[in-house]
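> coords below, sequence missing:
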């Protein structure tokens, strides 16, 4: 999958009813990657911490700014979009196990269920926000 956002991909998203957000803008707030890395201070999370650092560097190279609060984007909408992708990726892996090994590891099913639960919560938050905006 490509992470490149082109005018064509933005137009395609709009055609399918997907809201296109502006590119992030820089400000003086802390890096969200750094905050997440600090939250994972246990030694067992070293790989995740290192991967977060890589994602930070990638985002900086791609967007020219770090991910941070107040960047002009809706972080809940971004999280929801990413969670929907996560659900599809996990379901793909489940299908691969089903058609290959004939069983699905418990850890994979738990991840899939958690991703679905996160999507439901985020969807509810987004819907409530939209309803509040419509009331005003």
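Done, it's in. Computed from a prediction, not measured in an experiment: that's the story for all the values here. Numbering: from 1, shown residues only.
> Tell me which helix or strand the spatially most central residue of the chain sits in.
Centroid check for the chain by Cα atoms, centre = their mean gives residue 82 as the closest residue, at 3.0 Å. With elements taken from DSSP states H and E, the one containing residue 82 is helix 75-99.
> about what we covered before: which residues are in contact with the residue nearest to the centre of the chain?
If you count contacts by Cβ atoms under 8 Å, 6 or more residues apart in numbering, residue 82 has none. Any C-beta I mention is one placed from the backbone N, CA and C, and that applies to glycine too.
> Would you quantify the distance from it to residue 114?
Using Cβ to Cβ, to the nearest Å, one gets 14 Å for the distance from residue 82 to residue 114.
> Mutual contacts of those two, please.
With Cβ under 8 Å, 6+ apart as the test, residue 82 and residue 114 reach no residue in common.
> where does residue 1 land on pLDDT?
Taken from the predicted model, the pLDDT recorded for residue 1 is 45.
> now the helix or strand of the chain with the lowest mean pLDDT, how far from the centre of its chain.
The helix or strand of the chain with the lowest confidence, counting by mean pLDDT, DSSP states H and E, is helix 7-15 at a mean of 84. Average the C-alpha atoms of helix 7-15, do the same for its chain, and the two points are 19 Å apart (Cα atoms, centre = their mean, to the nearest Å).
> immediately after it, which helix or strand?
Where DSSP H and E defines the elements, the next helix or strand beyond helix 7-15 is helix 32-39.
> just the angle between that next one and helix 75-99, please?
Between the axis of helix 32-39 and that of helix 75-99 there is an angle of 70 degrees, by axes from the mean of the first three to the mean of the last three Cα atoms, to 10 degrees.
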